[in-house]
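Undergrad: Okay, here's the prediction I keep looking at, along with the sequence it came from:
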Amino acid sequence: MKITFNGAAGVVTGSCHLIETGNTKFLLDCGLFQGSEELEELNGKFTFKPEEIDFVILSHGHLDHCGRLPLLVKRGFKGKIFATSGTIDISRLILLDAAQVQQENIKTENRRRLREGKRPKELLYTTDDVFDTFSHFKECSFYKWYSVGPIKFKFHDAGHILCSEFIEIEIEGKKLIFSGDIGNEGKPLIKDPEEPPKGDIVLIETTYGNRKHKSFKESVEEFKEAILSTFKRNGVVLIPTFALERAQDLLYILKKMYEKRELPPCKVFLDSPLAISITKTFKRHPECLEEKVVKEMRERGLFNFPYLEFTKTVEESKKINYYRGRAIIIAGNGMCTGGRILHHIKHRIWDKNNSIVFVGYQAEGTLGREIVEGKRKVKVFNEIVKVNAKVYTINGFSSHADQPQLLHWLKKASHRETQVILVHGEREVQEAFYGKVKEAGINKVYLPKLYDTLEL
Ligand SMILES: [Zn+2]
């Protein structure tokens, strides 16, 4: 068998691994490169002809795992895309949103590129290509074997986001395990990652292979403290957040605070159409939620409490600017590089009574990172705004396993002869994790680079 890494090798994004065996070719994920311009330039590059790919197995609905599927279809892919029904629901929303954002941004981006003397960018795909992609999705259940030609596969719960999977594959008489992204333990809504069976070949993600998270519980306490101290100043709390998983975790924590009478009267605005749609998706997939959460959902609903308001339209969102009184505004995007959070930052961050609470990773070069690093003045919509609001950074809400959790999972998946392939991580992080894997007595460990082919 041959594996060629068309993404997420030495980098985090662009997850896409081509597997070839006999006459069969298939992909594990087909995700988008994100982050730097150099990486994004790679989005058009595949080492294979899309029409020759027999099928795709998709691990979950994050854009860096599903975001190039419409391009694959646009270029001639005819096969099926296998995933659980929750992953398909989420991928539909995420892909439509991605196509719309690309279509909205391309004109401004190309004007900037022309000014910088660069070639204009082409749209990777349109919403029409996304709709074409939907007809390729094939809904699968967890824990059931499926087969295509000589390949058999089964989905297990990876506990990363709603209905995310790791995949057990039988190929050439061997067992291949693809981790997808492995979840962080102790999150409130979805189940913890399942323990994997033993594999002969294991492809494992390494996003946080070099660090240990704070526990989810401690992070919830920090989060509560940030809100309550802002409310003592009669301020407003801004939370830039990812629409998927993090937003729902936060709503659930706030609802629990309300039920325990820990949350003073206030407004909680969920100001993101994508986050609102995804929140509704949670209700359709009890199979991926903790048992006690399902019970609660059936008895009293998961996210509904009187202070919560969904703001769908632009007009409703703009109205929040004039809201006086205690409020929590949850809006995207998570790193403040676009989206509705920007106008909230512009209107609120100069006021020392307000707070901005970061609950996710802030990549270098983003507005979020500038604020986290203590910049006193930032540029928002071409206007300089002073940062007087209190800035909080809460680290333990991650959806990814940390180093000890990754190692634990990998040890369960390995025997003495297992070949381990480290993917989905920055090179430095992977090298740190590589050392730990060797220390754990696993000897055959590979660190592929982008577009490398491994013959196993
Ligand atoms: Zn992910």
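TA: Good, I have the coordinates.
Undergrad: What residue, apart from its backbone neighbours, is nearest the residue of the stretch 101-250 of the chain found nearest the ion spatially?
TA: The ion sits closest to residue 181 of the stretch 101-250 of the chain, with a gap of 3.7 Å, by C-beta to the ion. Using the backbone N, CA and C atoms, a C-beta is placed for each residue, glycine as well. Nearest residue to residue 181, sequence neighbours excluded (C-beta to C-beta, 6 or more residues apart in numbering): residue 160, at 4.3 Å.
Undergrad: burial of the one you found, as a residue count?
TA: For residue 160, the count of nearby residues is 29 (other C-beta atoms under 10 Å).
Undergrad: cool, residue 53 as well?
TA: Neighbourhood size, residue 53 [other C-beta under 10 Å]: 22.
Undergrad: That one and the ion: what is the separation?
TA: With the distance defined as C-beta to the ion, to the nearest Å, residue 53 ends up 22 Å from the ion.
Undergrad: Please tell me I have it right and that residue contacts residue 26.
TA: Yes. Using C-beta atoms under 8 Å, residue 53 makes contact with residue 26 at a distance of 6.4 Å.
Undergrad: just checking, residue 280 is part of a helix?
TA: Yes. Assessed by DSSP: H, G, I helix; E, B strand; the rest coil, residue 280 belongs to a helix.
Undergrad: What about it, how many residues nearby?
TA: By the measure other C-beta under 10 Å, the count of residues near residue 280 is 12.
Undergrad: Also residue 116?
TA: 7.
Undergrad: Do any residues in stretch 329-339 lie close to the ion?
TA: No. Stretch 329-339 lies apart from the ion when judged by C-beta under 5 Å from the ion; the minimum separation is 12.8 Å.
Undergrad: and the residue nearest to residue 181, what is it in contact with?
TA: By C-beta atoms under 8 Å, 6 or more residues apart in numbering, the residues touching residue 160 are 60, 180, 181, 182, 183, 184, 193, 399, 400.
Undergrad: how about the nearest residue to residue 195, chain neighbours excluded?
TA: In space, residue 195 is closest to residue 412, 5.0 Å off (C-beta to C-beta, 6+ apart).
Undergrad: likewise residue 384?
TA: Per C-beta to C-beta, 6+ apart, closest to residue 384 is residue 377, 5.4 Å.
Undergrad: I figured the one you found hits residue 383, correct?
TA: No. Using C-beta under 8 Å, residue 377 is not in contact with residue 383, being 10.5 Å away.
Undergrad: Just the pLDDT for residue 250.
TA: For residue 250, the pLDDT comes out at 96.
Undergrad: That one should be in a helix, yeah?
TA: Yes. When three-state DSSP is applied, residue 250 is found to be in a helix.
Undergrad: how much space between it and residue 80?
TA: For residue 250, the distance to residue 80 equals 35 Å [C-beta to C-beta, to the nearest Å].
Undergrad: Between the two, which is the more surrounded one?
TA: Higher neighbour count among residue 250 and residue 80: residue 250, with 24 against 18, using other C-beta under 10 Å.
Undergrad: ok, that one - contacts?
TA: By C-beta under 8 Å, 6+ apart, the neighbours of residue 250 are 223, 239, 241, 330, 359, 397.
Undergrad: The same query, at a cut-off of 10 Å, please.
TA: 188, 220, 223, 239, 241, 268, 270, 275, 303, 328, 330, 357, 359, 397 (C-beta atoms under 10 Å, 6 or more residues apart in numbering).
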